[in-house]
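What follows is a predicted protein model with its sequence.
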Amino acid sequence: MREERMICGTKRNRSTCKRMRKILFPAVLLAGLLVCGCSDGAQNSVTGVETDNRVTGVETENTVNGTGTDEKTSDQGTEPEEDTPKTSLFLGKYDSFEAWMERRQGSVGFITDRTLLLSVYLEEPDYQWTEEDIQVTNRVKKIAYSFLEEELREKYDTQIQLIYDVEEHEDLLFHIKLEENIPAYVTTEKEREIDDLEDAWIATLPVRELMEKYQADSVGFLFFLAHEGCSYSSMHFIDDGVKTWDESCLLYLRDMYSKTLEYETPAVYAHELLHLYGAEDLYTEADVFSKDTYEKAQKQFSGDLMINTYDVINGKYTIYSDSVKQIITPLTAYLIGVPGVEYPLEGTTELVKEEVGCFSGSTYDRPF
């Protein structure tokens, strides 16, 4: 199925790649925080979870589980070090936390990692999730991530291991209650606040236990909002260290640019997840690299998912609800670190990666 919409003169592009984490933000948004994990059809609870007061300014008794054991989820009840990401633990194929940090890829690392994706549904005062709408997001996730699995396997002989299906793994689904709504269009100033909120939300989740349970090498966070908006991602920049360590996607239920507010598409879900593995936006309006670099990329690698998440047919934007029509070209395959793929863009070295699977420099270097 597809929905067509007229081309607008100033359509905001799908992804915002800046990431800034500040310590202070409005505590009121967390004053009523409630987290619920679903397992075996019932709500699990762990009491006594304290969020880091240096971040939130409040203490909350949240209910979280997903593993069947009663444990505190914020460093087992001890206050974490200032520069310790909430996901720090001995995990997966890494012998120690230090070894994990040495890779410098952030919480979502290499494309070949066994990656756990936690789905967190944000309950706002004016927008609550229904079971029907949650099922829509589950369907879109399956289409999007199945596309990534098939594309990488068939074109690049690379196996991507994503653990995300909340119907199969109910302990990967959570709800968080907010005191204020998140806007559909997130400004730069507001996005900085949301960055910090995401850190606080993540601190309430049983990340350690779930990564141990699923033997994951990487973990990403999918935050869902039950209304229209413009989805974007939070990625790791090497020079920012742990400030941008935990990587996530903020995904809206509906597309704010659709005339009839259609559901967000599988192409958008796939596009945003690729950012967490190091993919760059390849549309000119991203304005991170030179116009010449974007033009070369678009000419040499037409159809790439990181150029757009829609088609233009007879002058109309066309989006698809049941498939991903774009492809992963060798350029994006290189940027996300697909084994054996060399830098393919001719005529410029501007997109050469210092290290695959993440972003070079600092978020402060980016023109957001």
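Here it is on my side, so go on.

now the strands for the stretch 201-350 of the chain?
With strands called from DSSP state E, counting those that start in this stretch, the stretch 201-350 of the chain shows them at 218-229, 232-234, 248-255, 311-313, 316-320.

would you list those strands in a markdown table and tack on mean neighbour count, distance to Thr349 and mean pLDDT?
For glycine as for every other residue, the C-beta is placed from the backbone atoms N, C-alpha and C. Shown next, in a markdown table, are the strands of the stretch 201-350 of the chain (neighbours: other CB atoms under 10 Å; distance: least, CB to CB, whole Å; pLDDT from 0 to 100):
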| stretch | mean neighbour count | distance to Thr349 | mean pLDDT |
| --- | --- | --- | --- |
| strand 218-229 | 23 | 28 | 97 |
| strand 232-234 | 26 | 25 | 92 |
| strand 248-255 | 24 | 29 | 97 |
| strand 311-313 | 12 | 30 | 87 |
| strand 316-320 | 18 | 33 | 88 |
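
Select, out of the ones you listed, the one closest to Leu117.
strand 218-229 (5.0 Å; CB to CB).

Just want the angle from the closest one to strand 248-255.
Angular relation of strand 218-229 and strand 248-255 on a 0 to 180 degree scale: 30 degrees, by axes from the mean of the first three to the mean of the last three CA atoms, to 10 degrees.

partner strands of strand 218-229, parallel or antiparallel?
strand 114-123 (parallel), strand 248-255 (parallel) (DSSP bridges).

residues in contact with the first one?
This means strand 114-123. 92, 108-109, 129, 134, 137, 141, 160-164, 166, 172-178, 182, 201, 205, 207, 210-211, 214-226, 273 (CB atoms under 8 Å, 6 or more residues apart in numbering).

of those, buried ones?
Among the contacts of strand 114-123, those classed as buried by 16 or more other CB atoms under 10 Å are 92, 108-109, 129, 134, 137, 141, 160, 162-164, 166, 172-178, 182, 201, 205, 207, 210-211, 214, 216-226, 273.

Next, count neighbours for Val341.
18 (other CB atoms under 10 Å).

Next one: it from Pro266, what distance?
Between Val341 and Pro266 the distance, using CB to CB, to the nearest Å, works out to 23 Å.

again with Thr187
According to CB to CB, Thr187 and Pro266 sit 27 Å apart.

More neighbours: which of these two?
A direct count of neighbours by other CB under 10 Å for Thr187 and Pro266 places Pro266 higher, at 26 against 9.

Spit out the contact partners of the more buried one.
Val140, Ile143, Ala144, Phe147, Tyr320, Ser321, Asp322, Ser323, Val324.

right, and the pair among the residues you listed with maximum separation?
Maximum distance among these (CB to CB): 13.2 Å, for Phe147 and Ser321.

ok, the two, which is more surrounded?
Neighbour totals were compared for Phe147 and Ser321, and Phe147 leads with 21 against 18 (other CB under 10 Å).

Next one, pLDDT for the more buried one please.
Here the pLDDT value assigned to Phe147 is 98.

helices or strands up against the helix or strand hosting Leu162?
Here Leu162, judged by DSSP states H and E, is contained in strand 161-163. With contacts defined as 3 or more CB pairs under 8 Å, 6 or more residues apart in numbering; DSSP states H and E, strand 161-163 has these neighbours: strand 114-123, helix 131-156.

need the next SSE after that strand, C-terminal direction.
strand 173-177.

same question for that following strand, mean pLDDT?
Throughout strand 173-177, pLDDT has a mean value of 98.

Stretch 339-352: end-to-end distance?
The stretch stretch 339-352 measures 15 Å between its terminal residues, going by CA to CA, to the nearest Å.
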